[in-house]
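# Show me how the following folds:
(chains A and B)
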Amino acid sequence: GENVEQHPSTLSVQEGDSAVIKCTYSDSASNYFPWYKQELGKGPQLIIDIRSNVGEKKDQRIAVTLNKTAKHFSLHITETQPEDSAVYFCAASRADYKLSFGAGTTVTVRA
Amino acid sequence: GAVVSQHPSWVICKSGTSVKIECRSLDFQATTMFWYRQFPKQSLMLMATSNEGSKATYEQGVEKDKFLINHASLTLSTLTVTSAHPEDSSFYICSARDLLGGRAYEQYFGPGTRLTVT
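Presented below is the predicted three-dimensional model:
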């Protein structure tokens, strides 16, 4: 099955700085790569996603890049704010739509 | 749009009893729903895929006789934890796909159900 690795496990940044989270996947057949934000006691919330036919996607302060050859994808958050503090998960899925999640990154934005 | 609800949001039950968790797609039809389990400070692990009108398919290591899944309509899937034990205490999350909404690859997640077995 698909194996998704995520780094770092924790990330502390100063407000206004950028945060970068990296993930690698094992199955070259994976074609959909979403990123989720999860706050304590809540379900995950999709913040951005990318499909395998695209190399980069941006939505305001959030961007995702995908390198299919190296099988890795990254989340970039610019101008971080305290409300960005949460746990972030990357995931990957193939044509069966089953999601395999990374281990998660706890992001803390220091005011 | 694309809202998924779960009920209850939290439940406490005694060891040996069964508990049912509902997952509903409120504004779209979901032919496929997924059930995940998340232990504290861990990631989401897929338990099973629920298809409307057919039997659920379970991931390796998940006991199908313990975690009963029913997907009787296009908007409702249920997960019943039978003969619950303290080790079943976890955060259970469902998700659903909207095949008609133009983003069939996206999963919409529910808010989760916290199960505590005493």
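# Run a quick neighbour tally on residue 86.
All of this refers to chain A. Residues near A:Ala86, counting by other CB atoms under 10 Å in any protein chain shown, number 21. To be clear about C-beta, it is placed using only N, CA and C from the backbone, and glycine gets the same treatment.
# I was after chain B.
Using other CB under 10 Å, B:Pro86 has 9 other residues around it.
# okay, and for chain A, where does confidence drop off?
Within chain A, not a single segment meets pLDDT under 70.
# Get me the contact residues on it for chain B.
A:32, A:34, A:36, A:41-46, A:49, A:51, A:89, A:93, A:97-104 (CB under 8 Å from any CB of the partner chain).
# The same query, at a cut-off of 6 Å, please.
Taking CB under 6 Å from any CB of the partner chain, the part of chain A that reaches chain B is made up of A:Tyr32, A:Lys42, A:Gly43, A:Pro44, A:Lys98, A:Phe101, A:Ala103, A:Gly104.
# Name only those of those residues that count as buried.
A:Tyr32, A:Lys42, A:Gly43, A:Pro44, A:Lys98, A:Phe101, A:Ala103, A:Gly104 (16 or more other CB atoms under 10 Å in any protein chain shown).
# List phi and psi for B:Asn51.
phi -110, psi 130 (degrees, to the nearest 10).
# Give the bridge partners for it, please.
Using DSSP bridges, the bridge partners assigned to B:Asn51 are B:Thr32.
# What about it, how many residues nearby?
Residues within reach of B:Asn51, counting by other CB under 10 Å, total 15.
# and what of A:Thr69?
7.
# Kindly report the same for the one 10 residues further on.
Under the neighbour criterion other CB under 10 Å, A:Glu79 is assigned a count of 11.
# give the contact list for it.
Contact analysis of A:Glu79 by CB atoms under 6 Å, 6 or more residues apart in numbering or on different chains lists A:Gly16, A:Arg61.
# which SS state does it fall under?
Here A:Glu79 is recorded as coil under DSSP: H, G, I helix; E, B strand; the rest coil.
# That one and B:Phe109, how far apart?
In this view, A:Glu79 and B:Phe109 are 26 Å apart by CB to CB, to the nearest Å.
# what are the ranges of the strands in the chain?
As the question left the chain open, I've gone with chain A. With DSSP state E as the criterion, chain A has strands at A:4-7, A:10-14, A:19-25, A:32-38, A:45-51, A:56-59, A:62-67, A:72-77, A:86-93, A:99-101, A:105-110.
# The intended chain is chain B.
Using DSSP E, the strands of chain B run over residues B:4-7, B:10-13, B:19-25, B:32-38, B:45-51, B:57-58, B:67-73, B:76-81, B:90-97, B:107-109, B:113-117.
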